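K.L.:
quick one: sequence and predicted model below, then my questions.
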Amino acid sequence: MIPSSADGFIDVLALDDLPSSSQKSVALGFQRVLLCHTPIGIHAVADLCPHALQPLAGSDIKEGAIRCAKHGALFDLSTGKPKNGVTPKTLRIYPVRIRDGRIEIAVTPG
């Protein structure tokens with residue numbers, strides 16, 4: 001089990017380790033989560049395309065969306081919803097907060 005705070009958030013990375021316009025995949029137990037630092041904020045999503053089942057790390061991010069390099073599906077980083085009709089499947093997103101210079105995410109079973 002992954003240790004978390006009383007409110008379900010887990011400390012995953014120092015904010016300084018995720019510079020602006022970068023991304024980093026982190027392992028949380030059996031899950032891989034992709035942290036993306038965009039001009040509109042920090043997002044945490046499943047590091048696995050829900051359609052192609054390929055890692056999203058290294059994929060292009062533009063205007064708040066990430067594009068799967070395998071088949072071109074575009075997902076909104078804030079909602080996980082598909083944006084271009086390639087797939088109806090939604091990308092899993094995780095709540096994010098910054099506390100004391102650390103990035104924390106809420107991970108729940110699912």
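P.N.:
Yes, it's here.
K.L.:
drop to CA atoms for contacts and neighbour counts, all remaining ones
P.N.:
OK.
K.L.:
what is the end-to-end distance of stretch 80-90?
P.N.:
Chord length of stretch 80-90, first to last residue, is 5 Å (Cα to Cα, to the nearest Å).
K.L.:
and residue 69, what is it in contact with?
P.N.:
Under the criterion of Cα atoms under 8 Å, 6 or more residues apart in numbering, the contact list for residue 69 reads 56, 59, 60.
K.L.:
average pLDDT for stretch 88-102?
P.N.:
Confidence for stretch 88-102, expressed as mean pLDDT, is 96.
K.L.:
start to end distance for that stretch?
P.N.:
Distance between the boundary residues of stretch 88-102 (Cα to Cα) amounts to 33 Å.
K.L.:
ok, and for it, which residues are buried?
P.N.:
By neighbour count with 16 or more other Cα atoms under 10 Å, stretch 88-102 contains the buried residues 90, 91, 92, 93, 94, 96, 97, 102.
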